[in-house]
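**Student:** kindly return the folded structure for what I paste below:
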Amino acid sequence: MKYKTIDKKSYQLHLIKTDRFKTITIRVNMRSKMKKHEISLRNFLLDMLIYSTENYPTRRELVEKTQDLYAVNLYGKCYRTGNYNSMNLFASFLNEKYTEDGMTEESIRLLSEVLFHPNVRNQEFDLESFQVIKHNNETMLKSIKDNPQRYSLIRMLENMQENEDDAYSYREYGYLEDLENITPSNLYQYYKEVLRTSLVDIYVIGNFDEKQMIEWMDKYMEFHTLKTPKEDIMISFSKARKKPQIIKEKEHFNQSKLSIGCKLIGMDERERNYVLTLYNIMLGNGGDSRFFKNIREKYSLCYYMNSSVNKLDNLLLIRSGIQKENFEECIRLIKQEMKEIEKGNFEEEELEAAKKTYITLLDEIYDNQEAIIETYIAKELLGIGDIEERKQEITSVVKEEIIALSKKVHLDTIYLLEGDMEDEQN
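**Tutor:** Okay, here's the model as predicted:
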């Protein structure tokens, strides 16, 4: 696998050359500083772009065009990366050596159509398409409470917020009140702003001719973005709470949901990129973790319990499904397991098992184009190594580093979404 970056005038091009796949995938990443009131706008805009275009003004026509190109897969996703909002457009298509000559260029041309030639008339998006997307977004936002696990995490992060500009506390799907203010006209104005001001990275992965691909990118990726200064993408904390806050709310659910936020303070780059990963696996990520073996299996106090890390947010998150009467005991055991690691009360075999788990996960990345792209995005944003470099670094982590890292994990917010239907069942 060969990786190369080329700094273009308005964007950075990342070429990942590999013969492992029959497809070529292009990912256009447009990144802007996170603003709370723009989340709904950005999600709406992405849905509009992949719904129809100027030359394919209905959903059916655009789908038919993708089928003509041997089922080009056009899709998108918005998500937050630290202090930035990333809007991503993907085009994945069969290499033309398996179809017919000219299909690669035609597929890139279609991606360009989606990006730069939206379904717009008189300086505003097509009203019929707009109404369909607005209804879909409205339905989705109103259904957030229907997923108690997700809703619990959202409410925990909102309660964890200390300042209005704490981006980690924003709802990734946006807000109904902001959605209501979106019009075909102001959405188009926002579209032009996104093209003008975003930090743009284009990733291409597959088996392609490098010179030809660069020529196609120059021809079809019509970005003329302003060179804006990059701000710090990482969210950091200067201090921890002396005592974690505990918040309980009730909703009409069958099961209570526990969400816990931990701040990570004072880590260096090696700790963030490698030691933290192993600590998380040992603590609560997988069937061999302490949370699973002890709290879930030994004491049967939860339906599930796991932990995850958001490295750009400097957060470790713990999520569980419990009966509300087990709340106090679950918290006690979570604290106990974290303290045991901090004291060094674990065997070398436990650390070695975590290393093997992570190396297995790294090997699986080679089979997924999008996962490989994510690896190189992490390399750019976090300074983390490529897959083989990660393996070497992970292998060298020692017990003392896990202990030192564990002292930088601070419980901040404990949130329980109580299911009031438990009482009806008992």
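**Student:** wait, is S86 part of a strand?
**Tutor:** Yes - according to DSSP: H, G, I helix; E, B strand; the rest coil, S86 belongs to a strand.
**Student:** my guess is it meets G76, correct?
**Tutor:** No - when contacts are counted by Cβ atoms under 8 Å, S86 is not listed as touching G76 (10.6 Å). Using the backbone N, CA and C atoms, a C-beta is placed for each residue, glycine as well.
**Student:** residue closest to the middle of the protein?
**Tutor:** Y79 (5.3 Å; Cα atoms, centre = their mean).
**Student:** number of residues surrounding I377?
**Tutor:** I377: 19 surrounding residues under other Cβ atoms under 10 Å.
**Student:** next one: I133
**Tutor:** 22.
**Student:** with the one 10 residues further on instead?
**Tutor:** Counted with other Cβ under 10 Å, the burial measure for S143 works out to 10 neighbours.
**Student:** where exactly do the strands run in the stretch 151-300 of the chain?
**Tutor:** Here the stretch 151-300 of the chain has its strands, by DSSP state E, counting those that start in this stretch, at 199-206, 245-251, 256-264.
**Student:** quick one on the thing from earlier: quick check, the residue nearest to the centre of the chain in a strand?
**Tutor:** Yes - assignment of Y79 by three-state DSSP places it within a strand.
**Student:** residues in contact with it?
**Tutor:** N85, S86, N88, E172 (Cβ atoms under 8 Å, 6 or more residues apart in numbering).
**Student:** who wins on neighbours among those residues?
**Tutor:** Neighbour max across the contacts of Y79 (other Cβ under 10 Å) = N85, 26 neighbours.
**Student:** tell me the pLDDT at that one?
**Tutor:** pLDDT for N85: 96.
**Student:** bridge partners for it, pull those for me.
**Tutor:** S32, R80 (DSSP bridges).
**Student:** does it touch H37 like I think?
**Tutor:** No - the pair N85 / H37 is not scored as a contact, 11.3 Å apart, by Cβ under 8 Å.
**Student:** how much space between the closest residue to K77 other than its chain neighbours and N43?
**Tutor:** Nearest residue to K77 in three dimensions, chain neighbours excluded: N88, at 5.4 Å (Cβ to Cβ, 6 or more residues apart in numbering). Distance of N88 to N43, computed by Cβ to Cβ, to the nearest Å: 12 Å.
**Student:** so what sits against both of the two?
**Tutor:** C78.
**Student:** where does pLDDT dip in this protein?
**Tutor:** 227-229, 422-426 (pLDDT under 70).
**Student:** change it to 80
**Tutor:** In the prediction, the chain carries residues with pLDDT under 80 at positions 226-231, 420-426.
**Student:** got the domain ranges for it?
**Tutor:** Following automatic domain parsing, one finds the domains of the chain at 2-220, 245-425.
**Student:** what about the longest one, start to end distance?
**Tutor:** For domain 2-220, the separation between the terminal residues is 23 Å (Cα to Cα, to the nearest Å).
**Student:** and stretch 340-349, end to end?
**Tutor:** 15 Å.
**Student:** also stretch 141-153?
**Tutor:** First-to-last residue span, stretch 141-153, Cα to Cα: 15 Å.
**Student:** then stretch 14-24?
**Tutor:** 13 Å.
**Student:** now do it: distance to the chain's middle.
**Tutor:** On the basis of Cα atoms, centre = their mean, to the nearest Å, stretch 14-24 sits 22 Å off its chain's mean C-alpha point.
**Student:** which residues touch it?
**Tutor:** With contact meaning Cβ under 8 Å, 6+ apart, stretch 14-24 is reached by 1-6, 92-95, 98, 104, 107, 201-208, 210, 213-214, 366-367, 369, 372-373, 376.
**Student:** show the buried residues in those residues.
**Tutor:** 3, 92-95, 104, 107, 201-206, 208, 213-214, 369, 372-373, 376 (16 or more other Cβ atoms under 10 Å).
**Student:** residues near K239, how many?
**Tutor:** 8.
**Student:** that one contacts I265, correct?
**Tutor:** Yes - with contact defined as Cβ under 8 Å, K239 reaches I265; the gap is 7.2 Å.
**Student:** just the CA trace of the one helix or strand I39 maps to, in PDB.
**Tutor:** According to DSSP states H and E, I39 maps onto helix 39-49. The C-alpha trace of helix 39-49 is given here as PDB (Å, rounded to 0.1, in the frame of the first residue of the first chain):
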ATOM      1  CA  ILE A  39     -25.400  21.400  12.700                       C
ATOM      2  CA  SER A  40     -28.900  21.100  11.300                       C
ATOM      3  CA  LEU A  41     -28.000  23.100   8.300                       C
ATOM      4  CA  ARG A  42     -25.000  21.000   7.500                       C
ATOM      5  CA  ASN A  43     -26.900  17.700   7.900                       C
ATOM      6  CA  PHE A  44     -29.700  19.000   5.700                       C
ATOM      7  CA  LEU A  45     -27.300  20.200   3.000                       C
ATOM      8  CA  LEU A  46     -25.600  16.900   2.700                       C
ATOM      9  CA  ASP A  47     -28.900  15.100   2.300                       C
ATOM     10  CA  MET A  48     -29.900  17.600  -0.400                       C
ATOM     11  CA  LEU A  49     -26.700  17.100  -2.300                       C
END
